[in-house]
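Peer 1: Have a look; sequence and predicted model below, questions after that.
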Amino acid sequence: MSETILRLTVNGEAVEATAPARTHLIDFLRERLELTGSHAGCEHGVCGACTVRVNGDAVRGCLVLAAACEGAEVWTIEGLTATGEVAALQEAFRERNALQCGFCTPGMIVAAAELLRDVKSPTREEIRDHMSGNYCRCTGYHAIVDAIETASRA
Amino acid sequence: MKAAAFAYLRARNIGEVFAALAEHGSDARVLAGGQSLIAALNLRLSEPRLLVDITGLSELRGIVVTPAGLRIGALTRHVEILRSAEVARHAPLLAQAVPHVAHAAIRNRGTIGGSLALSDPAAEYPAVALACGAVMHLHGPDGRRDVPAEAFFRGLYETALGETELLEAVTFPPPPADARHAFDELSRRHGDYALVGIALRAGLRDGLVRNLRAAFVNGGLRPVLATSAAAAAEGLPPAEAAEAAAAALDRDLDPPGDHHASAAMRLHLARVLTRRAIHSIGSAA
């Protein structure tokens, strides 16, 4: 009973796999599906490195059980890159030096993409507020705010 | 860290929930949005044998205006409360509080019922429910019962919910016509758990504060109505009411002390928030 069979859509492709019930979505994506773009950081919902999109919402992948994603539509940085949806954000992150080690970046991009979907031209304050749940230990955040602002004006 | 092993049941109807809870008792935990529970499992602060996922029960979702007030289904997510015109109109204190709840990605998943049923003293909704005189709707194998917020929050992570009962919805009664509302909290960073927070409602008649109800986030091990502060503020102009209520607060609150803030610092901050909140309702149009 603790092993669950899962059918879901990941990056537009139907997936069927088994996972122990205790597996959170990030471990499932990384270890079962080998989609290692999403990162497991703190694993208790604080750092935001594991942010992925589930049924249209940016969520903490470490606070969602894979078993609870039966039938869900999941998008990770790999899929969002392939569709080109986050290309402007990625280019702006590169251009504005908004990443150094890159560990937080996939989560940052998924979170920022949600903000830009909902708010056309966010203020710097709105960007900071929306991104406050994503930690970066390298950049000091100014460059990240710059990049999101740049992408929103593109 | 990784959670300890458990079994997982995706409930298809409420009968399955009751049956699982009856069979497994305290070895089972109800899973709603999971934004506190999964974190606790990953940290191994909780090691249930069975998780009963109720997120498939669509009857527990939604926001409806009823004669008794605004009824919000337990599975309604923070983001839905944030965007709801009904909440803004009929439960203004809740509307003021929800931007303070965690971060965007957590608001996309976390639920009001989960937050109320967990009864974390650092959470916003329990204090708001208490200040508003909200009513909890409980559903168990023996039927339904309503419990007022005053009787629902019993202690640290402890509520009136029985082992086999589920929180189905919460109703926020219509506020008095002259009610004004203020929610505020102080935290190290926006979206972090509050060091202290205040949920306050009061009438203002002829320039005098009436029927003040203030409940505090992290004012104790459970949300507490500041009745001494309310009595001290009754009938005074806002500036005097703010000082009187703040001075009386040590009779109402017993805040926890930890590595984030001492109990004395939390009491001080609660007084600061009390003054600010009463000033803000005094100056609001």
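Peer 2: Here it is on my side, so go on. Numbering: from 1, shown residues only, chains lettered A, B, ... in the order given.
Peer 1: use CA for all of it now, contacts and neighbours both
Peer 2: OK.
Peer 1: so where do the strands sit in the chain?
Peer 2: No chain was given, so I picked chain A. A:3-10, A:13-20, A:51-54, A:57-60, A:73-75 (DSSP state E).
Peer 1: nope, chain B please
Peer 2: For chain B, strands defined by DSSP E occupy the ranges B:7-10, B:28-31, B:50-53, B:63-66, B:69-73, B:135-140, B:143-148, B:153-155, B:158-159, B:166-172, B:179-186, B:196-205, B:208-217.
Peer 1: Can you check which of the ones you listed gets nearest to chain A?
Peer 2: Chain A lies closest to strand B:7-10 among the strands of chain B, at 4.4 Å (CA to the nearest CA).
Peer 1: Can you list the strands that the closest one pairs with?
Peer 2: The pairing partners recorded for strand B:7-10 under DSSP bridges are strand B:50-53 (parallel).
Peer 1: what comes into contact with the partner strand?
Peer 2: Outside strand B:50-53, the residues that touch it by CA atoms under 8 Å, 6 or more residues apart in numbering or on different chains are A:68, B:6-11, B:17, B:20, B:24, B:27-32.
Peer 1: Tell me which residues of that strand come out buried.
Peer 2: B:50-53 (16 or more other CA atoms under 10 Å in any protein chain shown).
Peer 1: how many neighbours does the residue of the stretch 51-200 of chain B found nearest chain A have?
Peer 2: Nearest residue of the stretch 51-200 of chain B to chain A: residue B:105, at 4.5 Å (CA to the nearest CA). Neighbourhood size, residue B:105 [other CA atoms under 10 Å in any protein chain shown]: 27.
Peer 1: Could you check how far the residue lying closest to residue B:15 once chain neighbours are set aside is from residue A:73?
Peer 2: Spatially, and ignoring its direct neighbours in sequence, residue B:15 is nearest to residue B:141 (7.7 Å; CA to CA, 6 or more residues apart in numbering or on different chains). Going from residue B:141 to residue A:73 by CA to CA, to the nearest Å gives 34 Å.
Peer 1: what's the answer for residue B:106, then?
Peer 2: 18 Å.
Peer 1: which residues sit in contact with residue 144?
Peer 2: You didn't pick a chain, so chain A it is. A:93, A:96-99.
Peer 1: My question was about chain B, not that one.
Peer 2: Here residue B:144 is in contact with B:137-138 (CA under 8 Å, 6+ apart).
Peer 1: which residues does it bridge with?
Peer 2: residue B:139.
Peer 1: With residue B:170 instead?
Peer 2: Beta-bridge partners recorded for residue B:170 (DSSP bridges): residue B:72, residue B:136.
Peer 1: Would you convert the strands of chain A into TSV that also reports distance to residue B:147 and mean pLDDT?
Peer 2: Converted to TSV, the strands of chain A look like this (distance: least, CA to CA, whole Å; pLDDT from 0 to 100):
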stretch	distance to residue B:147	mean pLDDT
strand A:3-10	37	92
strand A:13-20	38	96
strand A:51-54	35	98
strand A:57-60	32	98
strand A:73-75	38	98
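Peer 1: Low-confidence ranges, the chain, go.
Peer 2: Assuming you mean chain A. A:1-2 (pLDDT under 70).
Peer 1: nope, chain B
Peer 2: B:191, B:284-285.
Peer 1: domains in chain A, as residue ranges please.
Peer 2: A:3-76, A:86-153 (automatic domain parsing).
Peer 1: Pick the most buried one from the ones you listed.
Peer 2: Of all the domains of chain A, domain A:3-76 has the most neighbours on average by mean count of other CA atoms under 10 Å in any protein chain shown, namely a mean of 21.
Peer 1: so how far is that one off the chain centroid?
Peer 2: How far domain A:3-76 lies from its chain's middle: 10 Å, per CA atoms, centre = their mean, to the nearest Å.
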